[in-house]
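Participant: Predicted coordinates and the sequence they were generated for:
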Protein chains: 2
Amino acid sequence: MHIILASQSPRRRELLERAGYKFDIEPSDEEEIVKSSIPKEVVMELSRQKANYVFDKHMNNADPEKDLLVIGADTVVSIDKEILGKPKDEDDAFNMLKRLQAKSHKVYTGVSLVYNADEEKKCHTFYEETEVIFYPMTDDEIRSYIKTKEPMDKAGAYGIQGLCGIYIEKINGDYNNVVGLPIARVYQEIKKLKLDI
Amino acid sequence: MHIILASQSPRRRELLERAGYKFDIEPSDEEEIVKSSIPKEVVMELSRQKANYVFDKHMNNADPEKDLLVIGADTVVSIDKEILGKPKDEDDAFNMLKRLQAKSHKVYTGVSLVYNADEEKKCHTFYEETEVIFYPMTDDEIRSYIKTKEPMDKAGAYGIQGLCGIYIEKINGDYNNVVGLPIARVYQEIKKLKLDI
């Protein structure tokens, strides 16, 4: 089966590689649209749009693929019923990190597996939820962290696997889900679908 | 302050580097002895012995160091009140991994910071506890995992950050504690001690 990861996130690529899969990378360049504001629905819907877009591109041509699996994923941070995506600028990153202090927040990743089975297109979507608790950061620590630029391309303005690791007190759930792809759940779901990989 | 990590674990080194510390590595070559069988006491005591041994070696000579911090750490896995260290051989690894199925277990890392302050030797010891829950592994999956050799140098016969990642359903606590060093807690404790680093 030919696997495509519909994401340009280096963290997702690394997690999928570490799990032993061979795959190509082809991010969706479609503008995603979502109506819901419920985090788990948002990430599932966006992952579905990304995976479907790439899958359809490979099917709607003269030589459609027979054995294709496209993996799409989307991650957001949620606090006080509000969704935090990637920060717009350094001020936005500061405000996000400030909000993540002193209470727990949740990270949601939605994953869609779009594949063909018995000459039919199938889509299997799920999500994982992880609770994250920070140690208190001083304003100076937040500013130094932003100076490293690490927060700028990450939902919620932090990378748990990077320099922000020293500020994470504990999590409840899957760690890799916070990194951007719940690889254990992905492996388990692919196993259940009995795909020939 | 001159920092020494009293451990040869490449995972501990990587975590300490990622936190931005500059340090040397000097594992203790003393045989550690511990009487307790209570996991948190075992890891605290062993971390203390490792750090003390290396600290004393640097002090008991003609030119003792004035500003030295030695970090010692020890990690064990605990299940059903029993402690799992590193596996002796592949059969032992198989039995350990078999035991970790279908129920949660705990990982304990003890850390000791041995340093000099006001010309006195001080020792600050603490531990972190993380609960880990596996997805069920088939015997074939366990055997394939053992073939990779990854389990052989690790407490409890698995590496959460490595190939075993696809079998970890969730954790409750600090992830890096399971890797071998609760770097966030180490950073917070060093901050509290107000050491000049």
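Facilitator: Received it, and whenever you're ready, just let me know what you need. Residues are numbered from 1 along each chain as shown, chains lettered A, B, ... in the order given.

Participant: Please identify the helix or strand for the nearest residue to A:Tyr135 once chain neighbours are set aside.
Facilitator: Computed as CB to CB, 6 or more residues apart in numbering or on different chains, the closest residue to A:Tyr135 that is not its neighbour in sequence is A:Glu169, at 4.8 Å. (Glycine included, C-beta is placed from N, CA and C.) Assessed by DSSP states H and E, A:Glu169 sits inside strand A:168-173.

Participant: Give me the longest helix you can find in chain A.
Facilitator: For chain A, the helix with the greatest residue count under DSSP state H is helix A:39-59.

Participant: Downstream of that helix, the next helix or strand is which one?
Facilitator: Next element after helix A:39-59 (DSSP H and E): strand A:68-79.

Participant: quick one: average pLDDT of that next one?
Facilitator: For strand A:68-79, the mean pLDDT works out to 97.

Participant: quick one: the helix or strand that that strand is followed by to chain centroid distance?
Facilitator: Helices and strands here follow DSSP H and E; after strand A:68-79, the next one along the chain is strand A:82-84. In terms of CA atoms, centre = their mean, to the nearest Å, the centre of strand A:82-84 is found 15 Å from the chain centre.

Participant: and strand A:82-84, which strands flank it?
Facilitator: strand A:68-79 (antiparallel) (DSSP bridges).

Participant: Tell me what angle the strand it pairs with forms with helix A:39-59.
Facilitator: Put simply, strand A:68-79 runs at 160 degrees to helix A:39-59, going by axes from the mean of the first three to the mean of the last three CA atoms, to 10 degrees.

Participant: got the buried residues for strand A:68-79?
Facilitator: A:Leu68, A:Leu69, A:Val70, A:Ile71, A:Gly72, A:Ala73, A:Asp74, A:Thr75, A:Val76, A:Val77, A:Ser78, A:Ile79 (16 or more other CB atoms under 10 Å in any protein chain shown).

Participant: May I have that strand exported as PDB, CA atoms only?
Facilitator: What follows is strand A:68-79, C-alpha atoms only, in PDB (Å, rounded to 0.1, in the frame of the first residue of the first chain):
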ATOM      1  CA  LEU A  68      -3.400   4.300  -1.500                       C
ATOM      2  CA  LEU A  69      -3.700   5.400   2.200                       C
ATOM      3  CA  VAL A  70      -3.600   9.100   2.900                       C
ATOM      4  CA  ILE A  71      -3.000  10.200   6.500                       C
ATOM      5  CA  GLY A  72      -4.200  13.700   7.500                       C
ATOM      6  CA  ALA A  73      -3.900  15.300  10.900                       C
ATOM      7  CA  ASP A  74      -4.700  18.500  12.700                       C
ATOM      8  CA  THR A  75      -3.800  19.700  16.200                       C
ATOM      9  CA  VAL A  76      -5.200  22.500  18.400                       C
ATOM     10  CA  VAL A  77      -4.800  23.700  22.000                       C
ATOM     11  CA  SER A  78      -8.000  24.400  23.900                       C
ATOM     12  CA  ILE A  79      -8.300  26.400  27.100                       C
END
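
Participant: what about chain A, any weak spots by pLDDT?
Facilitator: Counting by pLDDT under 70, not a single residue of chain A qualifies.

Participant: Enumerate the residues of it near chain B.
Facilitator: A:15, A:18-20, A:130, A:135, A:160, A:162-163, A:165-176, A:183-185, A:187-188 (CB under 8 Å from any CB of the partner chain).

Participant: Among the residues you listed, name the buried ones.
Facilitator: By 16+ other CB under 10 Å, those give A:15, A:19, A:130, A:135, A:160, A:162-163, A:165-176, A:183-185, A:187-188 as buried.

Participant: Dump the longest strand belonging to chain A to PDB, restricted to CA.
Facilitator: Taking DSSP state E as the criterion, chain A has its longest strand at strand A:120-134. Output of strand A:120-134 as PDB, limited to C-alpha atoms (Å, rounded to 0.1, in the frame of the first residue of the first chain):
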ATOM      1  CA  GLU A 120     -14.300   1.900  -2.700                       C
ATOM      2  CA  LYS A 121     -13.000   5.100  -1.000                       C
ATOM      3  CA  LYS A 122     -13.200   4.800   2.800                       C
ATOM      4  CA  CYS A 123     -12.500   7.400   5.500                       C
ATOM      5  CA  HIS A 124     -11.800   6.600   9.100                       C
ATOM      6  CA  THR A 125     -11.500   9.500  11.500                       C
ATOM      7  CA  PHE A 126     -10.700   9.700  15.200                       C
ATOM      8  CA  TYR A 127      -9.100  12.100  17.700                       C
ATOM      9  CA  GLU A 128      -7.000  12.000  20.900                       C
ATOM     10  CA  GLU A 129      -7.200  14.400  23.800                       C
ATOM     11  CA  THR A 130      -4.300  15.100  26.200                       C
ATOM     12  CA  GLU A 131      -4.400  17.300  29.300                       C
ATOM     13  CA  VAL A 132      -1.200  19.300  29.800                       C
ATOM     14  CA  ILE A 133      -0.100  21.200  33.000                       C
ATOM     15  CA  PHE A 134       2.600  23.800  33.000                       C
END
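
Participant: All good on my end, thank you.
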